[in-house]
Every structure is written in structure tokens, then in C-alpha cells.
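In: Here is a sequence with its predicted model. Questions after.
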Amino acid sequence: MATSIDYGNLMHRAMRSLIQNVLTDVGQNGLPGAHHFFITFDTTHPDVQIADWLRARYPEEMTIVIQHWFENLTVTDEGFTITLNFGNQPEPMIIPFDALRTFVDPSVEFGLRFETQEGEDDDEEEEEDDLPPDDPQPPHNAQVVSLDQFRKN
């Protein structure tokens, strides 16, 4: 029997399940109303599959926007595949849920932030800087759920 409840791990699984459900619905029915997503992910994750030129441009993390033009959104238990348009150049991507860093829907001021276990000694300011400067920024008043409060010290 476990000596304690691992709330951090349970929250991670619940948040990934929420994203999986949302993306599955969008893949089947499209985006409702003004909803759109900013999804930041770790491009160094071994299961991320993106074009070489995108990996060269975003060597550590990348933020994608799912809004006006996307195709082939398919969701599995491990992650999702999607084709996005970069300057009239369609690019297929495979993004595992384990690579996600943030998920934001600015239309309803909702956001999730996935804290990583590595680099726990980093300054809080560094953790707040999730989006590369040349990517669209979600609104600062979005509701963000942080798992820091559930970590063991």
C-alpha cells in the first residue's frame, strides 16, 4: 500500500485526459464558436515528430495555434497528430501529451501549465517564460493551473 497519495501525478493525468477529450471533440466536430488553442510543447521530446526546418527554428520548445486552418487532427492515448499550415506549407506533426508544456484557450481565459520534474531548482521567473517571443502570446488574465503546489520538496 502506498504511504501517500501522489496528487501531482494524478493531476497530470487528469489534465492530459482533459486535453485528450477536448482535442478528440475538435477532431470530430471542429472548433466551436471562438475557441482556439495555443499549445506549447517540448521539441526535444524523443517522440515529437516535426519537420527538420521547424526543429531547427524551435530547438527547445514551440507554440502552435489551432484555430483557422488545420487538418488531420487525430488523438490517441499517447498524443495527437495534426497538419498545420506554415506560410502555405502544410506540415504534419506528432505531439505526445508527455511533451506538452502549456495548453491555453484564450477565448474563455482557460489555461493549463505542465511543470517538469527536471530543472526544479530553476528560478520561478524562468518557468513563467513559456512562449518564445516570436509566437503569439495568450492573454495574461487566463486561468492557469500550476502543479507546483502539489510537489514534494
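Out: Perfect, thanks for sending it.
In: And stretch 10-26, what's buried?
Out: M11, H12, M15, R16, I19, Q20, V22, L23, V26 (16 or more other Cβ atoms under 10 Å). In short, each C-beta sits where N, CA and C put it, glycine included.
In: Not counting its neighbours along the chain, what's nearest the last one?
Out: Nearest in space to V26, with sequence neighbours left out and distances taken as Cβ to Cβ, 6 or more residues apart in numbering, is L73 at 6.4 Å.
In: The one you found: which element?
Out: Using DSSP states H and E, L73 sits in strand 70-75.
In: Tell me which other helices or strands that strand touches.
Out: In terms of contacts (3 or more Cβ pairs under 8 Å, 6 or more residues apart in numbering; DSSP states H and E), strand 70-75 is packed against helix 7-29, strand 79-85.
In: What are the buried residues along stretch 87-102?
Out: Buried residues in stretch 87-102 (16+ other Cβ under 10 Å): M93, I94, I95, P96, F97, D98, A99, L100, R101, T102.
In: re the thing from before, what score does the residue nearest to V26 have for pLDDT?
Out: With respect to pLDDT, L73 scores 94.
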